[in-house]
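A.B. asks: take this sequence and fold it.
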Amino acid sequence: MTQNGNLKRRVRARAAKTGESYTAALQHIRRRGDDSAIRSIRLAVAQSSLFNDPRDTAALHACGAEMRSLMEEAHKAGARLIHFPEGATCSPNKRVMSESGPREIAPSDWARFEWAVLREELDATSKLAKELKLWTVFGSVHQLTPPHRPHNSLYVLSDRGALVTRYDERMLSNTKISFMYSPGKVPVTFDVDGVRFGCALGMEAHFPEIFTEYERHEADCVLFSTTGETPSAAPAFEAEVLGHAASNAFWVSYAAHAPQSIAAPAGVAAPAGHWAARCAADGAPAVAVADITIDRENPARPWRRKARADLYGPLQVNGDPRSDSRNLF
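C.D. replies: Next comes the predicted model:
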């Protein structure tokens with residue numbers, strides 16, 4: 001009876017917010033498998049080795065083998081989903097790719113990429129995801145038809161090994177947009193066992209609007225993948241990830257390459273703004289596992305939405321306090 005009452009309250013709240021009918025709001029909630037107030041999923045976040053030369057076929061094969069080894073480790077830990085860094089299959093170095101390089105950074109020559117080898121590794125990874133029944137999210141370059149530059153992407157493989165969606169980085173760095181990639185256009189969400197995930201990539205932790213947008217899309221957890229080529233950028237990302245989790249009252253998974261872990265290891269940030277799980281800070285490949293628990297009855301997110309929707313405007317007193325002599329000492 002309590003569970004049914006909670007469901008009815010959530011349906012009424014959604015109908016009031018969206019203007020939908022009660023029936024439409026109920027159908028939306030049930031499509032998400034959201035009949036219980038509390039849902040949980042075990043998430044594994046990975047910090048993998050950095051491979052940055054897509055001309056090196058042996059390295060591409062080694063990269064794929066390491067990813068699959070970490071998938072096996074996550075599966076043994078009971079994970080339902082594993083989240084990898086940006087460029088987990090290969091993160092092409094701007095100087096390696098430069099048509100005038102390596103001394104000069106110029107437009108990338110994507111003919112240097114061993115695309116056939118990458119496809120072999122993607123196929124092997126898809127087969128293992130199906131075998132382990134493990135949702136797998138990882139960074140990869142997504143080839144487009146020349147002369148279009150590729151996307152810097154996150155692939156989402158289901159527990160059946162199928163590619164269900166792809167997120168393309170939108171807020172590209174100056175080097176990426178000038179010389180390397182085509183930008184993406186839209187946010188991407190997907191649901192696993194009634195838990196909704198959003199995707200972010202590269203330097204997008206620097207843009208809070210990316211994360212507040214996912215809050216509006218009702219994400220329960222944002223998967224943020226970055227490269228972590230050097231440890232120097234790690235402290236800012238680490239602080240921002242915790243801040244986004246706390247200010248939006250959702251989970252954030254932070255996946256970066258192993259070299260960056262000596263400053264900020266990969267981890268899972270809880271809605272309260274603390275780390276629920278972290279990999280070792282030793283520069284080595286690893287996974288960390290956390291149980292993502294979603295409480296639909298938590299009042300924090302509804303209140304913050306209400307506050308952001310000009311709750312305070314009608315209650316504000318007219319006038320500039322600086323011009324009111326009664327407020328002066």
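A.B. asks: could you report the neighbour count for residue 296?
C.D. replies: Residue 296 has 20 neighbours, counted by other Cβ atoms under 10 Å. From N, CA and C alone the C-beta is placed, and that goes for glycine too.
A.B. asks: again with residue 291
C.D. replies: Neighbours of residue 291 using other Cβ under 10 Å come to 14.
A.B. asks: contacting residues around the host helix or strand of it?
C.D. replies: Per DSSP states H and E: residue 291 is located in strand 286-295. For strand 286-295, the external contacting residues (Cβ atoms under 8 Å, 6 or more residues apart in numbering) are 37-47, 70, 73-74, 77-79, 82, 194-195, 220-221, 251, 258, 261, 265-268, 270, 276-280.
A.B. asks: okay, and which of those residues map to strands?
C.D. replies: Assigned to strands by DSSP state E, the following of those qualify: 38-47, 82, 195, 221, 251, 267-268, 276-278.
A.B. asks: any idea how far the nearest residue to residue 264 once chain neighbours are set aside lies from residue 40?
C.D. replies: Among residues not flanking residue 264 along the chain, residue 234 sits closest, at 3.6 Å (Cβ to Cβ, 6 or more residues apart in numbering). Counting by Cβ to Cβ, to the nearest Å, the gap from residue 234 to residue 40 is 29 Å.
A.B. asks: out of the two, which sits in the busier spot?
C.D. replies: Using other Cβ under 10 Å, the more surrounded residue of residue 234 and residue 40 is residue 234, with 20 against 15.
A.B. asks: helix, strand, or coil at the most centrally placed residue in the chain?
C.D. replies: Geometric centre of the chain, nearest residue: residue 223, 1.9 Å, by Cα atoms, centre = their mean. Using DSSP: H, G, I helix; E, B strand; the rest coil, the structure places residue 223 in strand.
A.B. asks: residue boundaries of the strands in the chain?
C.D. replies: Here the chain has its strands, by DSSP E, at 38-47, 81-83, 135-142, 151-157, 163-168, 189-192, 195-201, 221-225, 251-255, 267-269, 275-278, 286-295.
A.B. asks: next, format those as a markdown table and append mean pLDDT and distance to residue 306.
C.D. replies: Listed next are the strands of the chain as a markdown table, based on pLDDT from 0 to 100; distance: least, Cβ to Cβ, whole Å:
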| stretch | mean pLDDT | distance to residue 306 |
| --- | --- | --- |
| strand 38-47 | 94 | 22 |
| strand 81-83 | 98 | 31 |
| strand 135-142 | 98 | 32 |
| strand 151-157 | 98 | 32 |
| strand 163-168 | 98 | 29 |
| strand 189-192 | 97 | 22 |
| strand 195-201 | 97 | 20 |
| strand 221-225 | 98 | 22 |
| strand 251-255 | 98 | 22 |
| strand 267-269 | 98 | 24 |
| strand 275-278 | 98 | 27 |
| strand 286-295 | 95 | 18 |
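A.B. asks: those: which one's closest to residue 61?
C.D. replies: With Cβ to Cβ, the closest approach to residue 61 among these belongs to strand 135-142: 14.7 Å.
A.B. asks: quick one: list the elements packing against the closest one.
C.D. replies: Contact partners of strand 135-142 among helices and strands, from 3 or more Cβ pairs under 8 Å, 6 or more residues apart in numbering; DSSP states H and E: strand 81-83, helix 115-132, strand 151-157, strand 195-201, strand 221-225.
A.B. asks: which residues are contacting the fourth one?
C.D. replies: Same thing as strand 195-201. Outside strand 195-201, the residues touching it (Cβ under 8 Å, 6+ apart) are 32, 39-41, 81, 86, 137, 139, 152-154, 156, 167, 169, 187-191, 210-211, 214, 217-226, 292, 294.
A.B. asks: any of these buried? List them.
C.D. replies: 39, 41, 81, 86, 137, 139, 152-154, 156, 167, 169, 187-191, 210-211, 214, 218-226, 292, 294 (16 or more other Cβ atoms under 10 Å).
A.B. asks: ok, back up a step: could you dump the helices and strands packed on strand 135-142 to TSV with distance to residue 98?
C.D. replies: Output for the helices and strands packed on strand 135-142, formatted as TSV (distance: least, Cβ to Cβ, whole Å):
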stretch	distance to residue 98
strand 81-83	30
helix 115-132	18
strand 151-157	16
strand 195-201	22
strand 221-225	24
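A.B. asks: dump the residue contacts of residue 43.
C.D. replies: Residue 43 neighbours (Cβ under 8 Å, 6+ apart): 79-83, 221, 251, 253, 268, 289-292.
A.B. asks: for it, list each beta-bridge partner.
C.D. replies: Judged by DSSP bridges, the bridge partners of residue 43 are residue 81, residue 290.
A.B. asks: residue 251 too?
C.D. replies: With DSSP bridges as the criterion, the beta-bridge partners of residue 251 are residue 221.
A.B. asks: any idea how far residue 260 is from it?
C.D. replies: 21 Å.
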